[in-house]
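**Student:** Structure here, sequence nowhere to be found:
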């Protein structure tokens with residue numbers, strides 16, 4: 001009983017209409033394969049399927065030639081599987097027809113098999129067997145075996161190279177050479193390439209097995225046909241052998257030729273260079289345009305053509321064709337360029353806002369001799385080290401350090417580099433890519449042969465040495481680093497010193513958004529109702545400027561919330577926050593349970609400075625030059641003595657003087673930290689190592 005589509009349930013009709021036509025192709029194709037395997041098929045249906053099999057094989061071959069990249073034809077392994085199943089199903093169906101109706105004549109299995117048995121091999125079954133055997137050898141031994149080996153090696157190399165390619169993408173992304181979308185696309189392409197070659201490694205086994213199956217099916221058809229013809233239909237052994245062998249050979253050829261075409265398609269796919277972005281036709285045309293090769297070929301063919309006994313017409317004709325091809329290639333390269341009309345200036349594009357480029361937050365410009373240091377494929381490790389620095393500083397300082405944009409600058413010296421912050425150069429240096437830098441830390445016992453230099457990061461005496469001297473230099477007490485480490489260390493120091501320049505309103509808002517997840521009420525009540533976002537940004541910048549981490553943003557906001565309605569000045573708010581973060585500030589200089597070694601100002605000097613700060617007018621302090629000079633000199637000397645004793649130079653003073661002294665002394669005295677008494681936790685023990693005093697025309701730094 002037939003049921004029309006209109007008589008079906010409404011939900012099924014809706015589903016059937018919503019499914020596209022191409023979605024039905026694979027299910028019905030699979031049912032057709034099952035039908036060929038199980039049900040008897042008329043000969044004219046076999047002709048249609050055999051013709052379709054040949055057409056499908058030709059389409060696959062031409063698609064393999066035309067694709068731009070191998071992975072662009074990613075469905076090829078699956079298509080290869082279905083084509084192999086179709087061919088084997090046709091072998092089963094044709095075997096059933098040949099054995100049942102072969103005694104009726106050579107057209108009993110269809111006209112396609114008859115044509116291949118009569119026309120292709122001339123009706124001679126011995127010639128047919130030989131031709132079939134040659135095709136099997138070509139397919140199995142040459143093409144399939146070679147393609148399988150190439151697939152196996154390509155899959156192995158692609159999988160081995162996959163981690164390196166992923167790291168290269170991450171390096172380009174971290175250095176700002178590509179965007180996040182481009183990195184995502186390149187990662188997807190790398191994954192697809194690995195999956196494709198892995199699938200091709202397995203798909204090549206289908207073709208190899210199909211070639212073996214074709215040979216076995218031919219033998220089975222011949223033996224089975226002789227038995228059926230001689231026993232069931234009373235034919236002589238010779239007639240049965242001739243009849244069924246011819247049908248079996250025709251059946252084998254009509255299946256083996258599409259199999260050979262698919263093997264060629266698989267070989268074309270796996271032997272393509274994955275990096276190329278041209279079709280095989282374009283690659284061949286562009287890479288065969290070498291006129292010298294054509295002329296040399298024409299000359300050799302011409303010499304062979306004039307040798308007595310050689311086929312003169314064939315060789316001389318080919319020599320003329322080769323010479324003509326070389327002449328055409330040479331002429332195409334020497335075609336005159338059309339004159340340019342200089343009277344009409346080229347149209348100029350109007351400037352727009354898209355032409356305005358913002359300065360990078362962090363930039364690293366290198367000379368051309370240092371480009372290899374940022375190329376991971378050439379062994380460069382600078383990008384990896386910079387990524388590590390960003391990760392470390394982000395954890396220590398408490399906010400995300402922006403990406404470092406690396407680019408080459410031809411205006412720099414070949415071995416020079418410069419570090420930019422917000423478009424301003426904050427540091428320069430030179431390195432020797434082929435050498436190591438041996439830094440004199442002050443505890444060395446020997447001299448090194450090399451190029452005298454200064455460490456770019458800290459200005460220490462150093463020597464550029466060959467890598468062979470590395471172990472010897474370390475044995476003498478030198479600190480030895482390579483060029484990438486030298487640049488990375490310099491960058492790390494400059495970022496630590498200038499980290500306040502990297503924090504803006506957007507970064508502060510990102511920190512607040514992150515804190516609001518765990519402390520929503522605190523953020524909502526304080527920002528921006530009581531304290532504007534700009535004020536909070538200035539407070540955080542002040543903390544970073546003096547090397548104080550802002551990781552504990554919750555404590556910062558809690559401290560501000562207690563005084564937000566009473567205090568509005570940024571300096572005073574910063575002082576309140578510093579008191580709340582006192583334990584975090586001090587832990588950099590002392591271990592738990594130990595005393596903190598400090599320097600203090602003599603009471604007389606501190607009293608004088610209090611009176612000076614009290615007369616401050618709009619941030620300007622009217623300090624006497626002699627007093628300022630003596631203060632700077634004595635504090636600098638005390639700080640150097642503390643550093644020589646392997647102790648941190650920590651100057652502790654009153655809260656009133658701390659901010660002003662820090663602004664005056666820290667930029668001029670390296671390694672100095674200025675704290676107030678209020679910032680010191682109550683449970684921290686103190687040990688006063690030096691009390692600094694200043695007298696007219698006399699420097700005094702007495703030990704306590």
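**Tutor:** Sure thing, it's come through. What you see is a predicted model; the values in this text were computed from it and never measured. Numbering: from 1, shown residues only.
**Student:** buried ones in stretch 594-609?
**Tutor:** 596, 597, 598, 599, 600, 601, 602, 605, 606, 608, 609 (16 or more other Cβ atoms under 10 Å). Heads up, the C-betas are built off the backbone N, CA and C, glycines and all.
**Student:** Throw those residues into JSON lines and include pLDDT and secondary structure, thanks.
**Tutor:** Below are those laid out as JSON lines (pLDDT from 0 to 100; DSSP: H, G, I helix; E, B strand; the rest coil):
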{"residue": "596", "pLDDT": "89", "secondary structure": "strand"}
{"residue": "597", "pLDDT": "91", "secondary structure": "strand"}
{"residue": "598", "pLDDT": "91", "secondary structure": "strand"}
{"residue": "599", "pLDDT": "92", "secondary structure": "strand"}
{"residue": "600", "pLDDT": "91", "secondary structure": "strand"}
{"residue": "601", "pLDDT": "91", "secondary structure": "strand"}
{"residue": "602", "pLDDT": "90", "secondary structure": "coil"}
{"residue": "605", "pLDDT": "88", "secondary structure": "helix"}
{"residue": "606", "pLDDT": "87", "secondary structure": "helix"}
{"residue": "608", "pLDDT": "87", "secondary structure": "helix"}
{"residue": "609", "pLDDT": "88", "secondary structure": "helix"}
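**Student:** Using a markdown table, lay out the residues you listed together with distance to residue 61.
**Tutor:** Output for the buried residues of stretch 594-609, formatted as a markdown table (distance: Cβ to Cβ, whole Å):
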| residue | distance to residue 61 |
| --- | --- |
| 596 | 81 |
| 597 | 82 |
| 598 | 84 |
| 599 | 85 |
| 600 | 89 |
| 601 | 89 |
| 602 | 94 |
| 605 | 93 |
| 606 | 92 |
| 608 | 95 |
| 609 | 90 |
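**Student:** Which single one of the residues you listed is nearest to residue 444?
**Tutor:** Nearest to residue 444 among these is residue 597, at 27.3 Å by Cβ to Cβ.
**Student:** In contact with that closest one, which residues?
**Tutor:** Residues near residue 597 by Cβ atoms under 8 Å, 6 or more residues apart in numbering: 589, 642, 647, 648, 650, 687, 689.
**Student:** what do you get for residue 685?
**Tutor:** Going by Cβ under 8 Å, 6+ apart, residue 685 touches 594, 595, 596.
**Student:** can you pull the contacts of the last one?
**Tutor:** When the contact criterion is Cβ under 8 Å, 6+ apart, the partners of residue 596 are 586, 589, 590, 650, 680, 684, 685, 686, 687.
**Student:** how about a cut-off of 6 Å?
**Tutor:** 590, 684, 686 (Cβ atoms under 6 Å, 6 or more residues apart in numbering).
**Student:** how much space between residue 186 and residue 408?
**Tutor:** As defined by Cβ to Cβ, to the nearest Å, residue 186 lies at a distance of 21 Å from residue 408.
**Student:** more neighbours, these two?
**Tutor:** Legend: neighbour count by other Cβ atoms under 10 Å for residue 186 and residue 408, higher for residue 186 (17 against 14).
**Student:** Let me see the contact set for that one.
**Tutor:** Taking Cβ under 6 Å, 6+ apart as the criterion, residue 186 is in contact with residue 169.
**Student:** and the gap between it and residue 377?
**Tutor:** From residue 186 across to residue 377, the span is 14 Å (Cβ to Cβ).
**Student:** same thing with residue 392?
**Tutor:** Applying Cβ to Cβ, the value for residue 392 to residue 377 is 25 Å.
**Student:** So those two - more neighbours on which side?
**Tutor:** Neighbours per residue, other Cβ under 10 Å: of residue 392 and residue 377, the larger number sits with residue 392, 13 against 10.
**Student:** Next secondary structure after the helix or strand where the more buried one lies?
**Tutor:** Element membership for residue 392, per DSSP states H and E: helix 382-397. Next helix or strand after helix 382-397 toward the C-terminus (DSSP H and E): strand 404-408.
**Student:** packing partners for that following strand?
**Tutor:** Judged by 3 or more Cβ pairs under 6 Å, 6 or more residues apart in numbering; DSSP states H and E, the packing partners of strand 404-408 are strand 362-366.
**Student:** Give me the angle between the strand it packs on and strand 404-408.
**Tutor:** Strand 362-366 and strand 404-408 are oriented at 20 degrees to each other (axes from the mean of the first three to the mean of the last three Cα atoms, to 10 degrees).
**Student:** What are the contacting residues of strand 362-366?
**Tutor:** With contact meaning Cβ under 6 Å, 6+ apart, strand 362-366 is reached by 402, 404, 405, 406, 407, 408, 409, 417, 418, 419, 420.
**Student:** Repeat the analysis, applying 7 Å as the threshold.
**Tutor:** By Cβ atoms under 7 Å, 6 or more residues apart in numbering, the residues outside strand 362-366 that reach it are 402, 404-409, 412, 417-421, 491.
**Student:** that older thread, got JSON lines for the contacts of residue 685, with distance to residue 546 too?
**Tutor:** Listed next are the contacts of residue 685 as JSON lines, based on distance: Cβ to Cβ, whole Å:
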{"residue": "594", "distance to residue 546": "23"}
{"residue": "595", "distance to residue 546": "23"}
{"residue": "596", "distance to residue 546": "17"}
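**Student:** Residue 557: which of these is nearest?
**Tutor:** The nearest one, if we look at these relative to residue 557 and count by Cβ to Cβ, is residue 596, at 27.3 Å.
**Student:** does that closest one have beta-bridge partners, and which?
**Tutor:** Note on residue 596: beta-bridge partners residue 686, judged by DSSP bridges.
**Student:** shaky segments in the stretch 301-450 of the chain?
**Tutor:** 333-349, 355 (pLDDT under 70).
**Student:** what number of residues lie near residue 623?
**Tutor:** Close neighbours of residue 623, defined as other Cβ under 10 Å, add up to 18.
**Student:** Could you pull up phi and psi at it?
**Tutor:** Backbone torsions of residue 623, given as degrees, to the nearest 10, read phi -90, psi 140.
**Student:** Setting the sequence-adjacent residues aside, check what's closest to it.
**Tutor:** Spatial nearest neighbour of residue 623, chain neighbours left out: residue 612 (5.1 Å); criterion: Cβ to Cβ, 6 or more residues apart in numbering.
**Student:** what do you get for residue 501?
**Tutor:** That would be residue 421: by Cβ to Cβ, 6+ apart, it lies 5.5 Å from residue 501.
**Student:** can you count the residues close to the one you found?
**Tutor:** Neighbours of residue 421 using other Cβ under 10 Å come to 21.
**Student:** Could you do residue 402 as well?
**Tutor:** Look at residue 402: counted by other Cβ under 10 Å, it has 19 neighbours.
**Student:** Kindly report the same for residue 491.
**Tutor:** Counted with other Cβ under 10 Å, residue 491 comes out at 26.
**Student:** mind checking which helix or strand it is in?
**Tutor:** Using DSSP H and E, residue 491 sits within helix 483-497.
**Student:** and that helix, how far from the chain's centre?
**Tutor:** How far helix 483-497 lies from its chain's middle: 24 Å, per Cα atoms, centre = their mean, to the nearest Å.
**Student:** All the helices of the stretch 1-150 of the chain, residue numbers only.
**Tutor:** In the stretch 1-150 of the chain, the helices defined using DSSP state H, counting those that start in this stretch lie at 10-18, 25-38, 43-66, 76-101, 111-115, 125-137, 145-174.
**Student:** Find the centremost residue of the protein, please.
**Tutor:** The structure's the chain has its C-alpha centroid closest to residue 169; by Cα atoms, centre = their mean the separation is 1.3 Å.
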